[in-house]
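In: fold the following.
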Amino acid sequence: MAMPRDLSDSTASSVLRLIQARRRGAVFVPTDFAHQGTREAIDAALSRLARDGTIRRLCRGVYDYPKKHPRFGLQAPSVDAVARAIARGTGEDIVIGNAKAASLLGITTQVPARAVFLTDGTNRTLHITVEDGGGFDIQFRRSTRRAGGDSKAGIVLRALRFLGRDGIEAKTIRKLRRDLDDNDKRRLLALQPKAEGWMWSIIGEIVNDDIAKAS
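Out: Below is the predicted model of the structure:
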């Protein structure tokens, strides 16, 4: 890809090379290029690359290096990649929301209606625009219940929270017991004190027999 004529300075050249070195579909924010120059120079380089069509602006301060389908053109960015790029830019700690956690583990047939991430930052909803005029919303919801991060054990905690005390069936426990390996179960057991009290016995059912046999 040829370098646009107005990107001849060293900061812009470095930013362009780093973008081209990434796989298409990568999402980034100005702080990802913090060592390449001043914030003003980086912002200017990204703005010019977006105008040139090399990258795509998704919302304020968030860009992607879009994937291209040979027939359908530019593809929508990954919701997860966008959310994590935003979090890198703000310094937030985020994890996938409870509904997504349950869906990811295959213990619910419900498809989350919106992309929700739990954060130690502020509550807000951002609209992401894509080139064809469509887009999607990402909701950041402040929560202290992020124990375990996006480890398998942490995802299980949030999935159980989504199902609720009365929504967890024996087949759910059997599936989790089958799908988690011993390391996952040990980590889940270590997280037990950070779970709501009603989860403790359920966590015990998921892990105790197998951990005892492995010990």
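In: outline the domain layout of the protein.
Out: 10-74, 92-214 (automatic domain parsing).
In: can you say which of those domains is nearest to Ala85?
Out: When the domains of the chain are compared by C-beta to C-beta, domain 10-74 sits nearest Ala85, at 4.2 Å. Every residue, glycine included, has its C-beta placed from N, CA and C.
In: low-confidence ranges, this structure, go.
Out: Low-confidence segments of the chain (pLDDT under 70): 1-8, 131-133, 209-215.
In: where do the strands sit along this protein?
Out: Using DSSP state E, the strands of the chain run over 27-28, 56-59, 62-64, 68-69, 73-74, 94-96, 115-119, 124-129, 135-142.
In: okay, the ones you listed in JSON lines with distance to Asp9 next?
Out: Putting the strands of the chain into JSON lines (distance: least, C-beta to C-beta, whole Å) gives the following:
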{"stretch": "strand 27-28", "distance to Asp9": "19"}
{"stretch": "strand 56-59", "distance to Asp9": "21"}
{"stretch": "strand 62-64", "distance to Asp9": "19"}
{"stretch": "strand 68-69", "distance to Asp9": "28"}
{"stretch": "strand 73-74", "distance to Asp9": "28"}
{"stretch": "strand 94-96", "distance to Asp9": "34"}
{"stretch": "strand 115-119", "distance to Asp9": "36"}
{"stretch": "strand 124-129", "distance to Asp9": "29"}
{"stretch": "strand 135-142", "distance to Asp9": "32"}
